[in-house]
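*Asks:* Build me a structure from this.
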Amino acid sequence: MAKRKIVWSHRARIKLAGILDFYYQRNKSKAYSKKLYRELQKSIKLLIKQPNLGLKTDIDSVRGFVIGEYIVFYEYTKTEIIIHTIWDCRQNPNDLKIK
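*Replies:* Numbering: from 1, shown residues only. Sure, this is the predicted structure:
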């Protein structure tokens, strides 16, 4: 079986950049942003071999994988893990848009 690859949606890339920039602006240092990015990447790579790790959501085929204070919403196929968005659980849940 071919190895799955991670595919980031446009929304997920924007959310990730926003999260990392927030901590850069707040801390006036890239150190925490780099640490958080590595932690997210390491955890997301687990989905390549174990795509069912995330919890099922109300949306068919979309799962949510909890990583610390964040939830990564994704779908998977035989060849891809599609990251739809990253959600900071401390935000207002009414603002969440997955797809």
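*Asks:* show me the contacts for the most centrally placed residue in the chain.
*Replies:* When CA atoms, centre = their mean is applied to the chain, the residue found nearest the centroid is V72 (3.2 Å). Counting by CB atoms under 8 Å, 6 or more residues apart in numbering, V72 touches L40, S43, I44, G54, G64, F65, I83, T85, I86, W87. (C-beta placed from N, C-alpha, C; glycine too.)
*Asks:* nearest to Y32, of the residues you listed?
*Replies:* L40 (12.4 Å; CB to CB).
*Asks:* and the closest one, which of the three is it?
*Replies:* Three-state call for L40 (DSSP: H, G, I helix; E, B strand; the rest coil): helix.
*Asks:* which one is it nearest to, not counting chain neighbours?
*Replies:* Nearest residue to L40 in three dimensions, chain neighbours excluded: I67, at 5.9 Å (CB to CB, 6 or more residues apart in numbering).
*Asks:* Run through the bridge partners of the one you found.
*Replies:* On the basis of DSSP bridges, I67 is bridged to Y70.
*Asks:* and for stretch 75-88, what are the contacting residues?
*Replies:* 1-2, 4-9, 11-12, 15-16, 19, 40, 44, 47-48, 51, 61-63, 69-74, 96-99.
*Asks:* circling back to that earlier point, spatially, which two of the contacts of V72 are the most separated?
*Replies:* Top of the distance list for the contacts of V72 (CB to CB): S43 and T85, 15.2 Å.
*Asks:* Please say which of the two ends up with more neighbours.
*Replies:* Set side by side, S43 and T85 show more neighbours around T85, with 22 against 16, by other CB atoms under 10 Å.
*Asks:* Now the more buried one: phi and psi?
*Replies:* Backbone torsions of T85, given as degrees, to the nearest 10, read phi -160, psi 160.
*Asks:* same question, T79
*Replies:* Torsion angles, degrees, to the nearest 10, at T79: phi -120, psi -10.
*Asks:* confidence score at it?
*Replies:* Residue-level confidence at T79 comes out at 95, pLDDT.
*Asks:* the strands in this protein, which residues?
*Replies:* Here the chain has its strands, by DSSP state E, at 5-8, 55-56, 63-67, 70-76, 80-88.
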